[in-house]
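**Student:** task: produce atomic coordinates for the following.
(chains A and B)
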2 protein chains.
Amino acid sequence: MAIEVPRGFLIVLSGPSGCGKGTVLAKLLAEREDTVLSVSVTTRSPRPGDQDGVQYYFRTHEQFEQMIADDALLEYACYNGNYYGTPKAAVEEHLAAGRNVILEIEVQGAEKVMAKWQEPYVSLFLAAPSLLELESRLRGRDTEKEEDIRNRLAAAREELQHVSSYQYLVVNDEIDLAAARIHTIIEAEKLRITRNKNTLEALEVC
Amino acid sequence: MAIEVPRGFLIVLSGPSGCGKGTVLAKLLAEREDTVLSVSVTTRSPRPGDQDGVQYYFRTHEQFEQMIADDALLEYACYNGNYYGTPKAAVEEHLAAGRNVILEIEVQGAEKVMAKWQEPYVSLFLAAPSLLELESRLRGRDTEKEEDIRNRLAAAREELQHVSSYQYLVVNDEIDLAAARIHTIIEAEKLRITRNKNTLEALEVC
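**Tutor:** Here you go, the predicted model:
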């Protein structure tokens, strides 16, 4: 009998700009082999150092629209005249190989994916300890203009209204703690009955 | 503003006789202050050393039937002519005080509670690594008669048919590992959005 690799699961992760998603995810992914970040497709031009398939899959507008027509995207959106989307095939390949796939995605895209995804998934919202703290982190970046800061705070306030669409809330008070909480969620989710059909079969050996 | 203790949650735990529930639970509970085991009510006579409210709440048949009439039990069943049940009031008191309550309960009682419980709960099935291993553990006890062993194995086989009623599967291959898995499940469940209304309010501070 061939050993069947248990299928991975989808992890939808959102959180306002400035909450520390990038840092927490980098730490988490460096510590787990069973979980990867989904690479998005975009029509924006590569920046110096960008590699196709690493930061993004870089495609032309025509190619992207063909993907839409082929229903090859889990979700997509348009920002500043460029398309961004999640390619179904890459996600499916990881899941089939037993890897969990994190979609780092804003609230509206996340809600679309959650409404549409046919398998049990995990969803979590990463948040700064407060909007006050978020503001201080955004100001700490030094690269942001006042208007951008205000826009990002307004967006964060709006996103918080959608937190109840998610299953888990992870507060990023400290990077290590936030990463540890996500580890805990993934480990617990791996124990779900629905993800342990192989184990169940083994239990009945007598 | 008074600090509101987040409400605890109910943990329904089942597993066949001989899978090591008692040992795993003793280890788990010794390590957590936020979780307690529900004490059942019974009409059976106390054995030497039994204390009312510790192993069981000991009640007369009349008192027990009054509890049934008063709808004071979450579930109850009759074994060998004695009633056993879960008192609602004690469970409610723990939950309100922020403690999670473990109901160690056989499959049929568990299914009744899960069908009836109005709040999000956690349910887990603890299993020996295989029926073969379960048999060897039951034989290792030395106190069991051959017929009892066969009955317990038949019951375990029957209970395994109900595993899919539960959310999580914990295999008790090693006591420490099994207890650690339950810790992980409890920690992850504490991060559920539905259990973090206070945290959510704090996030919106600006």
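
**Student:** number of residues surrounding residue A:137?
**Tutor:** 16 (other Cβ atoms under 10 Å in any protein chain shown). (C-beta placed from N, C-alpha, C; glycine too.)

**Student:** and it, what does it touch?
**Tutor:** A:18-20, A:128 (Cβ atoms under 8 Å, 6 or more residues apart in numbering or on different chains).

**Student:** with residue A:53 instead?
**Tutor:** By Cβ under 8 Å, 6+ apart, the neighbours of residue A:53 are residue A:39.

**Student:** I'd like to know which elements whichever helix or strand residue A:150 is part of is packed against.
**Tutor:** Per DSSP states H and E: residue A:150 is located in helix A:146-160. Contact partners of helix A:146-160 among helices and strands, from 3 or more Cβ pairs under 8 Å, 6 or more residues apart in numbering or on different chains; DSSP states H and E: helix A:131-140.

**Student:** do the strand or helix carrying residue A:22 and chain B meet?
**Tutor:** Here residue A:22 is covered by helix A:21-31, with elements defined by DSSP H and E. No. Residues of helix A:21-31 contacting chain B under Cβ under 8 Å from any Cβ of the partner chain: none, with a closest distance of 13.9 Å.

**Student:** ok, the very next helix or strand once past that helix: who's next to it in the sheet?
**Tutor:** Using DSSP H and E, the helix or strand that follows helix A:21-31 in sequence is strand A:35-37. Paired strands of strand A:35-37, with direction, are strand A:100-104 (parallel) (DSSP bridges).

**Student:** quick check: buried residues in the helix or strand that the partner strand is followed by?
**Tutor:** Using DSSP H and E, the helix or strand that follows strand A:100-104 towards the C-terminus is helix A:107-116. For helix A:107-116, the neighbour count (16 or more other Cβ atoms under 10 Å in any protein chain shown) marks A:107, A:109-114 as buried.

**Student:** try stretch A:54-63
**Tutor:** Using 16+ other Cβ under 10 Å as the test for burial, stretch A:54-63 gives A:56-59.

**Student:** also stretch A:32-42?
**Tutor:** For stretch A:32-42, by 16+ other Cβ under 10 Å, it's A:35-42.

**Student:** which residues touch that stretch?
**Tutor:** So stretch A:32-42 is contacted by A:8, A:11, A:25, A:28-29, A:53-59, A:64, A:67, A:73, A:76, A:82-87, A:90-91, A:94, A:98-104, A:183, A:186 (Cβ under 8 Å, 6+ apart).

**Student:** wait, which of the contacts of residue A:137 is closest to chain B?
**Tutor:** Distance to chain B across the contacts of residue A:137 (Cβ to the nearest Cβ) is lowest for residue A:128, with 7.5 Å.

**Student:** how about that closest one: what's its closest non-neighbour residue?
**Tutor:** residue A:134 (3.9 Å; Cβ to Cβ, 6 or more residues apart in numbering or on different chains).

**Student:** residue A:165 too?
**Tutor:** residue A:111 (5.6 Å).

**Student:** next: residue A:185.
**Tutor:** Counting by Cβ to Cβ, 6+ apart, residue B:188 is the residue found nearest to residue A:185 once chain neighbours are left out, at 4.8 Å.

**Student:** now residue A:149
**Tutor:** Per Cβ to Cβ, 6+ apart, closest to residue A:149 is residue A:138, 4.9 Å.

**Student:** what do you get for residue A:182?
**Tutor:** If the residues on either side of it in the chain are set aside, residue A:182 comes closest to residue A:28, at 5.3 Å by Cβ to Cβ, 6+ apart.

**Student:** swap in residue A:168?
**Tutor:** residue A:124 (4.0 Å).

**Student:** then residue A:112?
**Tutor:** residue A:75 (4.7 Å).

**Student:** that neighbour belongs to a strand?
**Tutor:** Yes. Remark: residue A:75 belongs to a strand, assigned using DSSP: H, G, I helix; E, B strand; the rest coil.

**Student:** so it is in contact with residue A:87, correct?
**Tutor:** No. Residue A:75 lies out of contact with residue A:87 (Cβ atoms under 8 Å); the separation is 10.4 Å.

**Student:** still on that earlier bit, rebuild the buried residues of stretch A:32-42 as JSON lines, extending it with pLDDT and distance to residue B:160.
**Tutor:** Converted to JSON lines, those look like this (pLDDT from 0 to 100; distance: Cβ to Cβ, whole Å):
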{"residue": "A:35", "pLDDT": "97", "distance to residue B:160": "30"}
{"residue": "A:36", "pLDDT": "97", "distance to residue B:160": "34"}
{"residue": "A:37", "pLDDT": "96", "distance to residue B:160": "37"}
{"residue": "A:38", "pLDDT": "96", "distance to residue B:160": "36"}
{"residue": "A:39", "pLDDT": "95", "distance to residue B:160": "41"}
{"residue": "A:40", "pLDDT": "94", "distance to residue B:160": "43"}
{"residue": "A:41", "pLDDT": "95", "distance to residue B:160": "44"}
{"residue": "A:42", "pLDDT": "95", "distance to residue B:160": "48"}
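
**Student:** and of those residues, the nearest to residue B:146?
**Tutor:** Residue B:146 lies nearest to residue A:35 out of the buried residues of stretch A:32-42, by Cβ to Cβ, at 48.0 Å.

**Student:** ok, the closest one to chain B distance?
**Tutor:** Distance of residue A:35 to chain B, computed by Cβ to the nearest Cβ, to the nearest Å: 15 Å.

**Student:** write out the residues of chain A neighbouring chain B.
**Tutor:** A:124-125, A:127-132, A:135, A:153, A:157, A:160, A:163-164, A:166-171, A:181, A:184-185, A:187-189, A:191-193, A:196, A:199-200, A:202-206.
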